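Colleague: predicted model and sequence below, questions to follow.
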Amino acid sequence: KLLGYNMVTRFLGIDLSDGVKRHHLIAYFFAAFISSSYAGALAMLQPGLLQVMGIERSAQAMLTGNLSALQEIILILFFGPVGALADRYGRKPVYIFGLLMTSLGFSLYPHANSMTTLIAYRVIVAFGSAAMIGMMVTVIADYTCDSTRGKANGLQALIATLGAFLPPALGALPQVFANQGYDQLAAQQMTFGIAGSLGVIGALVVLVGLAPHVGKVSHETGESITTMLREGCKASRDPGIALSYGAAFISRGDLAVTGAFLSLWLVQYGTGNLGLQPSEAMFQLAVPRVMAVVSGALVGALVMGYINDKVSRITAVSIASGLAAAVYLSIFLVKDPTAPWVLGLLAIMGVAEISAFVSSQALVGERAAANRRGAIIGLFGVAGAIGILVGTAGGGWLFANFGPSTPFVLFGCLNAVVFFWSLRVR
């Protein structure tokens, strides 16, 4: 202390909360890197696996949507309780559980020999993801002061975007293994096994590196989990928190639609129109275009992190949702997803996606009271999970019945709704 005031530790331009050290933030960023890589890995790897498993092409979009919908239903049910448990017992054990469960689910996924086992393994991934994603969002809010929360969320989004480079790299591995003489199924199993190992590494980093006490705020109160959730729900009376829930809905839905259907669109286009093998379509078509989205997100993370600390958090939501509305509605014009000009549009899509992600997190982090943060951000996660559910289940139906651009158009319209909502809240 100095003259009665706590000295604030600053690291990477971020003012750290009391009790948080530089190495805690570094460990968190590494865990966020692993967590975010998992967020997009199934969307990248699953299209090739479904082809190898012999799933009919006409059924793939609906199956993709239904599996994602199942996962999001589990997330909706468990995000709130997970946040409340983290408020009581701390972020670290919940985060470790999430990473290890996700790791297990990925390792088992390509060994499914029936629809029942495929669903069972997706359920394991879903339980892990509820804890992992919830803690990824909550810990950064715990670790940073409000004065630099925008920069912190921007840097976290940058790390998450770097993590999003891993799924395209994983997506290239089946072709590498196939070139070495492995059959298509073995190539998929080896790739998913490598993906599973990431969660074990992340869990070890969390165990050793995260602060043991920060975020453990309700252990002494004796409150039940139900009471904590009820109080978290009451917080939505704040117009800013309510808007953050709406922003979570569209930002997670944006990411889900791109993740679930961009690669599927390209793999189907490659195998159906260009005569490519699934691994070739993944490597030649899907990987470079997903990389374009990710590259745009790298730029957007830094820019929106800066903007969030220069304007009000609600204005930042307006900027992000307006840009996303324009970009997603523009996908209606795409007839050939391999056309050169589409790469530029996908890069702008990456900027829009990550901007919505950063602005929504910064807003809820600013408005959520510290003693309710786990529960409020858990409900924020529920709103995001509902957005993913709408994007994947509804998007799968639209994709199968009205064409591959329609899931993107749907979220262009929903982003426009949040844009006008944010103008009213301002």
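Modeller: Cool, the structure landed. Numbers count the residues shown, from 1 in each chain.

Colleague: can you give me the helices in the stretch 101-250 of the chain?
Modeller: Per DSSP state H, counting those that start in this stretch, the stretch 101-250 of the chain carries helices over the ranges 115-143, 149-163, 166-179, 184-209, 225-234, 239-273.

Colleague: can you give me the offset of the second one from its chain's centre?
Modeller: Averaging C-alpha positions (CA atoms, centre = their mean, to the nearest Å) puts helix 149-163 12 Å from its chain's average.

Colleague: quick one on the thing from earlier: and the helices of the stretch 101-250 of the chain, which one's lowest on average pLDDT?
Modeller: Here the helices of the stretch 101-250 of the chain differ in mean pLDDT, and the lowest is helix 225-234 at a mean of 65.

Colleague: if we can go back for a sec, so which of the helices of the stretch 101-250 of the chain is nearest residue 296?
Modeller: Ranking those by proximity to residue 296 (CB to CB) places helix 149-163 first, at 9.0 Å. The way it works is simple: take the backbone N, C-alpha and C, and place the C-beta from them, glycine included.

Colleague: what is that closest one packed up against?
Modeller: strand 14-15, helix 22-52, helix 115-143, helix 287-308, helix 340-367 (3 or more CB pairs under 8 Å, 6 or more residues apart in numbering; DSSP states H and E).

Colleague: let me know the angle separating the helix or strand hosting residue 326 from helix 149-163.
Modeller: Assigned by DSSP states H and E, residue 326 belongs to helix 313-330. In terms of direction (axes from the mean of the first three to the mean of the last three CA atoms, to 10 degrees), helix 313-330 departs from helix 149-163 by 30 degrees.

Colleague: in helix 313-330, what's buried?
Modeller: Neighbour-count burial for helix 313-330 flags 313-325, 327-330 (criterion: 16 or more other CB atoms under 10 Å).

Colleague: the inter-axis angle of it versus helix 340-367?
Modeller: 160 degrees.

Colleague: let me see the mean pLDDT of helix 313-330.
Modeller: 91.

Colleague: ok, now stretch 402-418?
Modeller: On average, stretch 402-418 scores 92.

Colleague: what about residue 177, distance to residue 108?
Modeller: 19 Å (CB to CB, to the nearest Å).

Colleague: what is the helix holding residue 326 packed up against?
Modeller: Using 3+ CB pairs under 8 Å, 6+ apart: helix 313-330 touches helix 239-273, helix 287-308, helix 340-367, helix 406-425.

Colleague: between these, which gets nearest to residue 382?
Modeller: Closest to residue 382 of the helices and strands packed on helix 313-330, according to CB to CB: helix 239-273, at 8.2 Å.

Colleague: can you give me the buried ones in the closest one?
Modeller: So, applying 16+ other CB under 10 Å, buried residues of helix 239-273: 240-271.

Colleague: that one: how far from the chain's middle?
Modeller: 10 Å.

Colleague: just stretch 28-35 next, same as before
Modeller: 12 Å.

Colleague: ok, stretch 408-422 next?
Modeller: Average the C-alpha atoms of stretch 408-422, do the same for its chain, and the two points are 19 Å apart (CA atoms, centre = their mean).

Colleague: buried residues in it?
Modeller: 408, 409, 410, 411, 412, 414, 415, 416, 418, 419, 421, 422.

Colleague: quick one: the nearest residue to the first one once chain neighbours are set aside and residue 85, what's the gap?
Modeller: Counting by CB to CB, 6 or more residues apart in numbering, residue 408 lies nearest to residue 331, which is 3.7 Å off, once chain neighbours are set aside. When CB to CB is applied, the distance between residue 331 and residue 85 equals 39 Å.

Colleague: do residue 265 as well
Modeller: In terms of CB to CB, residue 265 sits 38 Å off from residue 85.

Colleague: how distant is stretch 142-162 from the center of its chain?
Modeller: Distance, centroid of stretch 142-162 to centroid of chain: 15 Å (CA atoms, centre = their mean).

Colleague: ugh, wrong one, stretch 348-360
Modeller: That offset, for stretch 348-360, works out to 11 Å (CA atoms, centre = their mean).

Colleague: again with stretch 188-195
Modeller: Distance, stretch centre to chain centre, for stretch 188-195: 21 Å (CA atoms, centre = their mean).

Colleague: who touches it?
Modeller: Applying CB atoms under 8 Å, 6 or more residues apart in numbering, the external contacts of stretch 188-195 come out as 38, 41, 45, 48-49, 52, 106-107, 109-111, 170, 173-174, 177, 182.

Colleague: one more: stretch 260-273?
Modeller: With contact meaning CB under 8 Å, 6+ apart, stretch 260-273 is reached by 43-44, 47-48, 51, 57, 60-61, 64-65, 68, 171, 276-278, 280-282, 284-286, 289-290, 293, 336-338, 346, 391-392, 395-396, 399, 404, 407-408.

Colleague: 7 Å instead?
Modeller: 43-44, 47-48, 57, 60-61, 64, 68, 276, 278, 280-282, 284-286, 289-290, 337-338, 392, 395, 399, 404, 407 (CB atoms under 7 Å, 6 or more residues apart in numbering).

Colleague: now, of these, which are buried?
Modeller: Members of the contacts of stretch 260-273 classed as buried by 16+ other CB under 10 Å are 43-44, 47-48, 60-61, 64, 68, 276, 278, 280-282, 284-286, 289-290, 337-338, 392, 395, 399, 404, 407.

Colleague: quick one on the thing from earlier: among the contacts of stretch 188-195, name the buried ones.
Modeller: Here, 16+ other CB under 10 Å leaves 38, 41, 45, 48-49, 52, 106-107, 109-110, 170, 173-174, 177 buried among the contacts of stretch 188-195.

Colleague: can you tell me which of the residues you listed is nearest residue 359?
Modeller: Once CB to CB is applied, the member of the buried ones among the contacts of stretch 188-195 that ends up nearest residue 359 is residue 38, at 22.8 Å.

Colleague: how close does the closest residue to that closest one other than its chain neighbours get to residue 21?
Modeller: Spatially, and ignoring its direct neighbours in sequence, residue 38 is nearest to residue 102 (5.4 Å; CB to CB, 6+ apart). Distance, residue 102 to residue 21, using CB to CB: 27 Å.

Colleague: look at those two and report which has more neighbours.
Modeller: More crowded of residue 102 and residue 21, by other CB atoms under 10 Å: residue 102, with 32 against 14.

Colleague: tell me which residues touch that one, please.
Modeller: 38, 125, 128, 129, 132, 199 are the contacts of residue 102 under CB under 7 Å, 6+ apart.
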